[in-house]
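In: Okay, here's the prediction I keep looking at, along with the sequence it came from:
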Amino acid sequence: MSSAEVSALEQRTRAAERAMKRLQAEFESLPQYKKLGLSDAHAHDEGPELAMGDALEKTFTENAKLKYQLKTLTRALDAEKKAKAATPAAASIAPTIPGKHAENYLHLVTQLFVTAIETAFPGVAADPMVAPCTAKIENPGMYQCNAAMGLCKELKGRPDAPKSPRDVATKLIAAAPKPDYVEKYEIAGPGFINIFIKRAAVASQVSNILNVGVLPPAVPQVKVIVDYSSPNIAKEMHVGHLRSTIIGNCLAQVLKFVGHDVLALNHVGDWGTQFGMLIAHLKDKFPDFATVSPPISDLQAFYKQSKKRFDEEPEFNKRAHVEVVKLQSGDPEVTKAWQLICDVSRKEFADIYARLGVTDLHERGESFYQSRMKAVVEDLTKKGLIEDDKENPGRKIMWTNLTTSRIPLIIVKSDGGFTYDTSDLAALRHRLDEEKAEWVIYVVDTGQSEHFNLVFAGARKAGIYDPSVTRVDHVGFGVVLGGDGKKYKTRSGETVRLKDLLDEGVERAQEALQRKAAERAERGQEAIELTEAERQKVYSAVAYGCIKYADLSHNRINDYTFSFDKMLDDKGNTAVYLLYAYTRIRSIVRQPAVQHVDLAAAAKSTAIELVHAKEWQLAQLLVRFPEVVFKILKDLLPNVLCDYLYDLSTAFSEFYDNCYVIEKDAAGTATVNISRLLLTEATARVMERCFALLNISTVEKM
């Protein structure tokens, strides 16, 4: 955190405000606008297309995001200043606290060039465009600033404008601070600036991994709510719940790792008209349910039976509707039946979550928000935001300011019941007002994008949610496909139950690993000794790890094809390859030649040497871990972590193939290179942390 960072964001915010005003002026100049007589005061409360152009809406949203970031950064800077004022200057708190945070070099270098742009070209607010250097050239810089060409265009026409991007780059280098960790700046090509970090600085950060731990980047701490999984009571979890559960859990792990106060919520479907038929069927099948717990072992079959009766038996259908009314009014007997049905589902959900390693997921279903929905309707009515739906008598609707949709929010159904729109408005208000969340994340498939866009727009209009104060994200994801390119289903065309999917995964993992062991034996390689308990642990770890990694390694926005054959391949970017790589690294420290080495003592006394190109390549990747975590926080894309883990594993393989860690002479005497052994251990620890954030269990042998 720095004043320069806040200053840069202030400039970006002012630039966005100027763009918004310019677009507003252009929009008001349109003949249609003037004819309608719309004024700036109505720009955000008229009907859809009349309110503002798409470009203006986009700029308005971006400006709100910038204001939110600015507020967060300013608050952190104020806290930093207070801490400094309360302590002697020599003990003032730095943005990155040693022992608590790891240095984020990408962030640090970006700030250097924010300062350089401000100094070299006053009044110009531009993104420094600093990124890791990926150029395939000998001895590239660790980072590269790519702002010169854009700045050259922006400065064109000014009296003192540089003549070329290289001239811009020259001025930026002259203006850029050069702290101790920077070795040099060099101009490459038409104006790219390569930034070289000192090897000693990188080596020091690798030593910190060993001596202090794999630490997160420094970020302002906030209260975050992550809404994910959300199965329906009385229905089994299926493959459709897989992505929300895996992605949501991963994001929650990352958020906790950086120190946020995280509350993971499971918005289960535990309310609605379907419970009327379930309760009526329960009373018919188990009339003594209130005193004797009904032996419902297959709730899915129980649901299908009640649904069949609901569709085919008019008298049962009427009783089901009566039971719904009783449930909504709080009838004790009906409430008891509802709780029994919910408890059966909870046990099934708990088994799935245990197998996937999902913990700290708190159930807060639709029933929780019933009373709060009434309060939301009352509040919206008082504010004059609800109107009668002329096409559906009795139905109450609310129009939003969303220019991309002509669909209203349905607040009250014609029968007086509430809807998902009402429920989600009530949930968001509760999370912001009562839970005091500063960031709310919904991990729900992209098919619900329009719904959430409407809900968020409605919440803004109702004063429930202010995007300049609170961050709210819909983390959408694509569907799971089968080999035929259609939604993944069983051969009979039914939805795949999640329990069956996990069971098959364990069976497939066992077959693949046994086949691998047989191939090792055929090649005359020594068998890896495992107890039966260890083998079962490996089968489960590989199976569940493969399923999770196959999902997380894809960009969540896209659909992906589910294939056990690809998941269990031990080559390429798969969990099997990475777990094998990890166990290979761990096997190095178990070798007899290394047994005498005290790694903890060596980490404190031995300077890590980064002489060989592969040592340097690996070390750079290790210290980039904090910036990878930071990028996930920004974009909420777990595949970024998977890509990093794969790159790290590949870099280690190249390092190990080119740089001896343990070398034996002709007589068989082993020599251990302590510096490289420490680099190996640091790699294992960073990989462990990556696996933990992905919630994939590791094994020492496989």
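Out: Alright, I've got the coordinates.
In: Which stretches in the stretch 351-500 of the chain count as helices?
Out: Secondary structure of the stretch 351-500 of the chain by DSSP state H, counting those that start in this stretch: the helices cover 370-382, 420-429, 449-461, 498-522.
In: looking at these, which is buried most?
Out: Between the helices of the stretch 351-500 of the chain, the one whose residues have the most neighbours on average, counting mean count of other Cβ atoms under 10 Å, is helix 420-429 (a mean of 24). Glycine gets a C-beta too; all of them are placed from N, C-alpha and C.
In: what angle sits between that one and helix 449-461?
Out: For helix 420-429 against helix 449-461, the angle by axes from the mean of the first three to the mean of the last three Cα atoms, to 10 degrees is 50 degrees.
In: now residue 445, nearest residue through space, not along the chain?
Out: Once its chain neighbours are removed from consideration, residue 445 has its nearest residue in residue 477; the separation is 5.7 Å (Cβ to Cβ, 6 or more residues apart in numbering).
In: Please apply the same query to residue 653.
Out: Of all residues beyond its chain neighbours, the one nearest residue 653 is residue 581 (6.9 Å), with distances taken as Cβ to Cβ, 6+ apart.
In: The one you found is in contact with residue 649, isn't it?
Out: Yes. At 4.3 Å, residue 581 and residue 649 qualify as touching, with contact defined as Cβ atoms under 8 Å.
In: buried stuff in stretch 220-240?
Out: Within stretch 220-240, the residues that qualify as buried by neighbour count (16 or more other Cβ atoms under 10 Å) are 220, 222, 224-240.
In: Count residues in the vicinity of residue 667, would you?
Out: Here the number of neighbours of residue 667 (other Cβ atoms under 10 Å) works out to 5.
In: now swap in residue 612 and tell me
Out: As a burial measure, residue 612 scores 13 neighbours (other Cβ under 10 Å).
In: Excluding residues flanking it in the chain, which one is nearest residue 327?
Out: With Cβ to Cβ, 6+ apart as the measure, residue 334 is the residue that lies nearest to residue 327, at 4.9 Å, once sequence neighbours are left out.
In: how close does that neighbour sit to residue 287?
Out: 14 Å (Cβ to Cβ, to the nearest Å).
In: neighbour-wise, which of these two wins?
Out: For the pair residue 334 and residue 287, the greater number of neighbours falls to residue 334 (23 against 10), based on other Cβ under 10 Å.
In: State the helix or strand in which that one lies.
Out: Applying DSSP states H and E as the criterion places residue 334 in helix 332-356.
In: List the contacts of that helix.
Out: The contact list for helix 332-356 (Cβ atoms under 8 Å, 6 or more residues apart in numbering) reads 229, 231, 233-237, 245-246, 249, 268, 270, 275, 278-279, 282-283, 289-290, 293-294, 296, 299, 323, 326-327, 359, 361, 363, 498-499, 502, 540, 544, 548, 695.
In: Please apply the same query to stretch 650-665.
Out: 581, 585, 588, 591, 593-594, 612, 614-615, 617-618, 621, 670-673, 676-677, 679-680, 683.
In: cool, stretch 418-432 as well?
Out: With contact meaning Cβ under 8 Å, 6+ apart, stretch 418-432 is reached by 225, 227, 267, 366, 369-370, 372-373, 375-377, 409-413, 437, 440, 451-452, 454-456, 458-459, 462, 464-465, 470, 472.
In: any idea which element residue 643 lies in?
Out: Assigned by DSSP H and E, residue 643 falls in helix 639-658.
In: Let me know the average pLDDT across that helix.
Out: Per-region confidence: helix 639-658 scores 97 on mean pLDDT.
In: following it, which helix or strand comes up?
Out: Toward the C-terminus, helix 639-658 is succeeded by strand 662-664 as the next helix or strand (DSSP H and E).
In: Quickly run through the sheet partners of that next one, with directions.
Out: Take DSSP bridges as the rule and strand 662-664 pairs in its sheet with strand 670-672 (antiparallel).
In: Can you give me the buried ones in the helix or strand that the strand it pairs with is followed by?
Out: Following the chain from strand 670-672 toward its C-terminal end, the next helix or strand by DSSP H and E is helix 674-693. By neighbour count, and taking 16+ other Cβ under 10 Å as the criterion, the buried residues in helix 674-693 are 674-687, 689-691, 693.
In: Stretch 339-352 now?
Out: Applying a neighbour-count criterion of 16+ other Cβ under 10 Å, the buried positions in stretch 339-352 are 340-342, 344-345, 348-349, 352.
In: do the same with stretch 483-502
Out: 488-489, 496-498, 501-502.
In: for stretch 185-200, same thing?
Out: Residues of stretch 185-200 classed as buried under the neighbour-count rule (16+ other Cβ under 10 Å) are 185, 187-188, 191-197, 199.
In: For that stretch, list the C-alpha coordinates in PDB.
Out: Written as PDB, here are the backbone C-alpha positions of stretch 185-200 (Å, rounded to 0.1, in the frame of the first residue of the first chain):
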ATOM      1  CA  TYR A 185      16.100  -1.300 -16.600                       C
ATOM      2  CA  GLU A 186      16.700  -1.900 -20.300                       C
ATOM      3  CA  ILE A 187      14.800  -0.800 -23.400                       C
ATOM      4  CA  ALA A 188      14.000  -3.600 -25.900                       C
ATOM      5  CA  GLY A 189      12.500  -3.400 -29.400                       C
ATOM      6  CA  PRO A 190      10.300  -0.500 -30.200                       C
ATOM      7  CA  GLY A 191      10.000   0.700 -26.500                       C
ATOM      8  CA  PHE A 192       9.400  -2.200 -24.200                       C
ATOM      9  CA  ILE A 193      11.200  -1.800 -20.800                       C
ATOM     10  CA  ASN A 194      12.700  -4.900 -19.300                       C
ATOM     11  CA  ILE A 195      13.000  -4.800 -15.500                       C
ATOM     12  CA  PHE A 196      15.700  -6.900 -13.900                       C
ATOM     13  CA  ILE A 197      15.300  -8.000 -10.300                       C
ATOM     14  CA  LYS A 198      18.500  -8.800  -8.400                       C
ATOM     15  CA  ARG A 199      19.200 -12.500  -7.900                       C
ATOM     16  CA  ALA A 200      20.100 -11.800  -4.300                       C
END
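In: Any stretches of the stretch 101-250 of the chain with poor pLDDT?
Out: Of all residues in the stretch 101-250 of the chain, those with pLDDT under 70 make up the ranges 135-139.
In: Let me see the ranges of the strands in it.
Out: For the stretch 101-250 of the chain, the strands defined by DSSP state E, counting those that start in this stretch cover 130-132, 143-145, 182-188, 192-197, 223-227.
In: In JSON lines: those strands, plus distance to residue 117.
Out: Supplementary listing: these in JSON lines, determined by distance: least, Cβ to Cβ, whole Å:
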{"stretch": "strand 130-132", "distance to residue 117": "11"}
{"stretch": "strand 143-145", "distance to residue 117": "10"}
{"stretch": "strand 182-188", "distance to residue 117": "14"}
{"stretch": "strand 192-197", "distance to residue 117": "12"}
{"stretch": "strand 223-227", "distance to residue 117": "32"}
